[in-house]
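Novice: let me see the structure of the following:
(chains A and B)
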Amino acid sequence: MSAPVKPPRNPFIAPAWIALVSVVGLVSALIGDGVFDVISWLVFTALIALVVRAWVKRTR
Amino acid sequence: MQRATIKAWFVIHKWTSLVCTLFLLLLCLTGLPLVFAEEIAHLSEPEVATTAADATPRDLDAQVSTALAQYPDDVPLFVGWDPDAPTVYVNTGARADTPPPQMHTALLHATTGEVLPAAQFNEGVMYFLYRLHTDLFLGLPGMLFMGAMGLLFAVAIISGLVLYGPFMRKQRFGTLRTGRNRRLAWLDLHNVLGIVTLGWALVVGITGAINTIAKPLEQAWQSEQLGEFAARYAGQPRPATLASLQAAVDTARAAEPGMRPAFVSFPGTGYSGDHHYGVFMQGNTALTERLYRPVLIDAKTGELTAQPQLPTYMSVLLLSQPLHFGDYGKLPLKVLWALLDLLTIVVLISGLYLWVKRGSTEARVTEIERAAKTGGAA
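Specialist: Numbers count the residues shown, from 1 in each chain, chains lettered A, B, ... in the order given. Have a look, this model is predicted:
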């Protein structure tokens, strides 16, 4: 019996999450100060961290 | 995805990107310092003596008189408050409908009335960058053109997202292959940065396009909502002698006790008709300080005329401004905004590089098909 074929992950899952999180980051600082600002900062820092991670893990 | 579908999206992505890329590069480069416009302006402003919290502000009519003494041939247009400093600014101009580039600005201490050095609208590097960014020095046609570029950018982002799917079907998110060939490295970089900045760039692009129609929207609001109040004054000339500005602001404060005045428009400036002071009140939260509530005060009698709700399209316009400027989450958000702007510049440059090294459309479509089937590209 052969192993079940793992279906490929939907390539749009990551963009959907990124878009959703970006909206949270964009709106958060707009609706309040303090913790709401911090949420925005964390969201956009995380997005930039994704780029850094991709660069660090690049294949040469 | 069928080959014909991939080809259609590829052509859409290619042409929408190509048409707007150079203008987007200009917008991103000029937008970078504009993100920090407030901080840069503060560098050149004098240290303003702080005042006690309970210090009595100087009478606003006296402030306007002091400003007009600086510009004796002008009429007052706007008076506003700096939320971060004890200062009041007064904009004046030769006529009531003087456009911003021709206005003068007087900056006054809020309690002492001391005249402070004030940056003018139409001078300095920041003004040059601002005009390049907003209208290419072409006025409304330039603004609308830049708005169209913003919409093309949004279409380019969406079509790029559609093409990202087949490209990445066999790849892990964030794949960056720099060792195989230069074109593949740039393609992967374009994909990674494009997807990471996707939501931010889409919102900044669309809100930028909305901001380019600010003038027509304000005119529509003027003629629709304010026209309703102006109709009561049909046939009457603009009042030659104005009621006390201070009394008008006091009346507005009493009418909207939970809010503070952000700025006041004088009659004829286009913000409150020909017969009213428009006292634009703002709330105290990050959201409500953007959504002004105009209080119309009869400029002849000083009586309260109306407190109209802003129409939805004006609220959308006002909310789109912070979402475009990134000036609503303090300095850390501005820094992150600038970094995302820089990443977008790399997306644009990598897109240009890929176009230069493009080969035929058929070859590119084949490349996308191959990537979807095997994960290989280029």
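Novice: how many neighbours does the residue in chain B positioned nearest to chain A have?
Specialist: Nearest to chain A, among the residues of chain B, is B:G199, at 2.8 Å (C-beta to the nearest C-beta). The way it works is simple: take the backbone N, C-alpha and C, and place the C-beta from them, glycine included. Neighbour count for B:G199, taken as other C-beta atoms under 10 Å in any protein chain shown: 24.
Novice: element containing it, please.
Specialist: helix B:198-212 (DSSP states H and E).
Novice: how about the helices in the chain?
Specialist: Chain wasn't specified; assuming chain A. Shown for chain A, the helices assigned by DSSP state H span residues A:13-31, A:35-56.
Novice: that's the other chain; I wanted chain B
Specialist: Listed in chain order, the helices of chain B (DSSP H) span B:3-35, B:37-44, B:60-70, B:125-134, B:140-168, B:182-196, B:198-212, B:214-221, B:227-230, B:245-255, B:312-325, B:330-356, B:361-374.
Novice: tell me the angle the second one makes with helix B:3-35.
Specialist: This means helix B:37-44. 20 degrees (axes from the mean of the first three to the mean of the last three C-alpha atoms, to 10 degrees).
Novice: tell me the angle of helix B:37-44 relative to helix B:312-325?
Specialist: Going by the same axes, to 10 degrees, helix B:37-44 makes 60 degrees with helix B:312-325.
Novice: with the fifth one instead?
Specialist: Counting by the same axes, to 10 degrees, helix B:140-168 lies at 70 degrees to helix B:312-325.
Novice: just checking, what packs against helix B:140-168?
Specialist: Helices and strands touching helix B:140-168, by 3 or more C-beta pairs under 8 Å, 6 or more residues apart in numbering or on different chains; DSSP states H and E, are helix B:3-35, helix B:125-134, helix B:182-196, helix B:198-212, helix B:214-221, helix B:361-374.
Novice: what is the fifth one packed up against?
Specialist: Which is helix B:214-221. helix B:140-168, helix B:312-325.
Novice: list the buried residues for the last one?
Specialist: Buried residues in helix B:312-325, counted by 16 or more other C-beta atoms under 10 Å in any protein chain shown: B:M314, B:L317, B:L318, B:L319, B:S320, B:Q321, B:P322, B:L323, B:H324, B:F325.
Novice: which members of those residues are the farthest-apart pair?
Specialist: Taking C-beta to C-beta, the two most distant members of those are B:M314 and B:F325; they sit 17.2 Å apart.
Novice: looking at chain B, which residue reaches furthest from the middle?
Specialist: Relative to the centre of chain B, the most outlying C-alpha is that of B:T374, 44.6 Å out, by C-alpha atoms, centre = their mean.
Novice: give me the number of neighbouring residues for the closest residue to B:P100 other than its chain neighbours.
Specialist: Nearest residue to B:P100, sequence neighbours excluded (C-beta to C-beta, 6 or more residues apart in numbering or on different chains): B:F121, at 5.2 Å. B:F121 has 15 neighbours, counted by other C-beta under 10 Å.
Novice: with B:T207 instead?
Specialist: Neighbour tally, B:T207, other C-beta under 10 Å: 20.
Novice: surely it meets B:S320?
Specialist: Yes. Counting by C-beta atoms under 8 Å, B:S320 is a contact partner of B:T207 at 3.9 Å.
Novice: one step back: which of the helices of chain A sits closest to chain B?
Specialist: Each of the helices of chain A was scored for nearness to chain B using C-beta to the nearest C-beta, and the closest is helix A:13-31 (2.8 Å).
Novice: in that closest one, which residues are buried?
Specialist: Buried, per 16+ other C-beta under 10 Å, within helix A:13-31: A:A14, A:P15, A:I18, A:A19, A:V21, A:S22, A:G25, A:L26, A:V27, A:S28, A:A29, A:L30.
Novice: find the centremost residue of the chain, please.
Specialist: Unless you meant another one, I'm taking chain A. A:I18 (4.0 Å).
Novice: chain B, not that one
Specialist: Geometric middle of chain B (C-alpha atoms, centre = their mean) lands on B:Q321, at 4.1 Å.
Novice: looking at chain B, which helix or strand is least sure?
Specialist: Every helix and strand in chain B was compared by mean pLDDT, DSSP states H and E; the lowest is helix B:227-230, with a mean of 76.
Novice: what's next to it, contact-wise?
Specialist: B:G273, B:D274, B:H275, B:H276, B:L296, B:T305, B:A306, B:P308 (C-beta atoms under 8 Å, 6 or more residues apart in numbering or on different chains).
Novice: which positions in that helix come out as buried?
Specialist: Under the neighbour-count criterion of 16+ other C-beta under 10 Å, helix B:227-230 has B:F229, B:A230 buried.
Novice: CA atoms of that helix as CSV?
Specialist: Below are the C-alpha coordinates for helix B:227-230, written out as CSV (Å, rounded to 0.1, in the frame of the first residue of the first chain):
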residue,chain,number,x,y,z
GLY,B,227,-25.2,74.7,0.2
GLU,B,228,-28.3,73.8,2.2
PHE,B,229,-27.4,76.3,4.9
ALA,B,230,-26.0,78.8,2.4
